[in-house]
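In: I'd like to go over a predicted model; first the sequence, then the structure.
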Amino acid sequence: MEILGYFFLFFVGLTLGILGSGGSILAVPILVYLFSMDAVLASAYSLFIVGITSLVGTALNYHAQLVNVKTGSIFGIPSILSIFLMRKWIVPAIPDKILQIETFSLSKNTFILGVFAFLMILASLKMIYGRTLNKGNEKRTSVFSLVFFGLLSGLITGLVGVGGGFLIIPILGFLTKTPLKTAIGTTLFIVASNSLIGFMGDILNYSIHWNFLLVITSLAVSGIYVGSRIGKVLPTLTLQRFFGWFTLTIGTLMVIKELILIG
């Protein structure tokens, strides 16, 4: 199973390179189900993997002038603050057993994976049935709106340990009418910042197996190089919907597995 896990971690970088999102959506279940890792620790490792990989992707897109640093900073700074808050204090404070009613028991791991799977399914439906971001010109939006949605996305991504690209790209498209290619590059910039700051909060709480983490991160980094090249030649809408169906499948399987464990 671990050999399959290494292959899919390359796919994590591939999806980030093509779509600018989806890395953590794949990384967490890969680490949990293929490497038998605790869900909370897996979310911490996922933040590092996606953070470093997105940082490389940001550099590639910045070179191509596809990163809006100003928008990314206004959105990213409040997001960073909220995600650090979640990872440092709130997530560790969640009890191992959240709910116990007679024979029904809801654990911390099941709760986090359940929220994660729910977000996966919502994101997948958006990818399958939604349109690609507009191809027109960007529009100005209020700083308050960017700050508010930055805080909101940080709280959500901090809970489940994801970079948040699947939330950020639609937000940028809706608020600023950012063209797709620029939205992807700007999202990678925000995701890199969010993920690495969130991981700093985890370092203070968990023991990290650095050799293993660096190896699997290198696989994802190699994937983003390939993905960035593929993204330049293939239709984005086709890739978006393919990834949507893939994400929907993984999310549904996670829900089924967790329901079986609860039962």
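Out: Sure, I can see it. Residues are numbered from 1 along each chain as shown.
In: can I get whichever strand or helix holds I3 in PDB? Just the C-alpha atoms.
Out: Per DSSP states H and E: I3 is located in helix 2-19. Written as PDB, here are the backbone C-alpha positions of helix 2-19 (Å, rounded to 0.1, in the frame of the first residue of the first chain):
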ATOM      1  CA  GLU A   2       2.900   2.400   0.700                       C
ATOM      2  CA  ILE A   3       4.300   2.000  -2.800                       C
ATOM      3  CA  LEU A   4       0.900   3.200  -4.100                       C
ATOM      4  CA  GLY A   5       1.000   6.000  -1.600                       C
ATOM      5  CA  TYR A   6       4.300   7.300  -3.000                       C
ATOM      6  CA  PHE A   7       2.800   7.200  -6.500                       C
ATOM      7  CA  PHE A   8      -0.200   9.200  -5.400                       C
ATOM      8  CA  LEU A   9       2.000  11.800  -3.700                       C
ATOM      9  CA  PHE A  10       3.500  12.600  -7.000                       C
ATOM     10  CA  PHE A  11      -0.100  13.100  -8.200                       C
ATOM     11  CA  VAL A  12      -0.600  15.600  -5.400                       C
ATOM     12  CA  GLY A  13       2.000  17.900  -7.000                       C
ATOM     13  CA  LEU A  14       0.600  17.200 -10.400                       C
ATOM     14  CA  THR A  15      -2.800  18.500  -9.500                       C
ATOM     15  CA  LEU A  16      -1.400  21.500  -7.800                       C
ATOM     16  CA  GLY A  17       0.600  22.300 -10.900                       C
ATOM     17  CA  ILE A  18      -2.400  21.900 -13.200                       C
ATOM     18  CA  LEU A  19      -5.300  23.400 -11.100                       C
END
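In: what does it rub up against?
Out: 21-23, 26-27, 30-31, 34-35, 49-50, 53-54, 57, 165, 169, 184, 188, 216, 219-231, 234, 236, 239-240, 243 (Cβ atoms under 8 Å, 6 or more residues apart in numbering). Every residue, glycine included, has its C-beta placed from N, CA and C.
In: low pLDDT regions in the stretch 1-150 of the chain?
Out: Where the stretch 1-150 of the chain drops to pLDDT under 70, the residues are 131-140.
In: which of the contacts of helix 2-19 fall in strands?
Out: Using DSSP state E, no member of the contacts of helix 2-19 falls within strands.
In: and G76, how many neighbours?
Out: 26 (other Cβ atoms under 10 Å).
In: that one touches L196, doesn't it?
Out: No: judged on Cβ atoms under 8 Å, G76 makes no contact with L196 at a distance of 11.3 Å.
In: about what we covered before: any buried residues in the helix holding I3, and which?
Out: Across helix 2-19, burial judged by 16 or more other Cβ atoms under 10 Å covers 5, 8-19.
In: and stretch 50-70, by the same measure?
Out: 50-58, 60-61, 66-68.
In: hmm, back to that, and the helix holding I3, how far out from the chain's middle?
Out: 13 Å (Cα atoms, centre = their mean, to the nearest Å).
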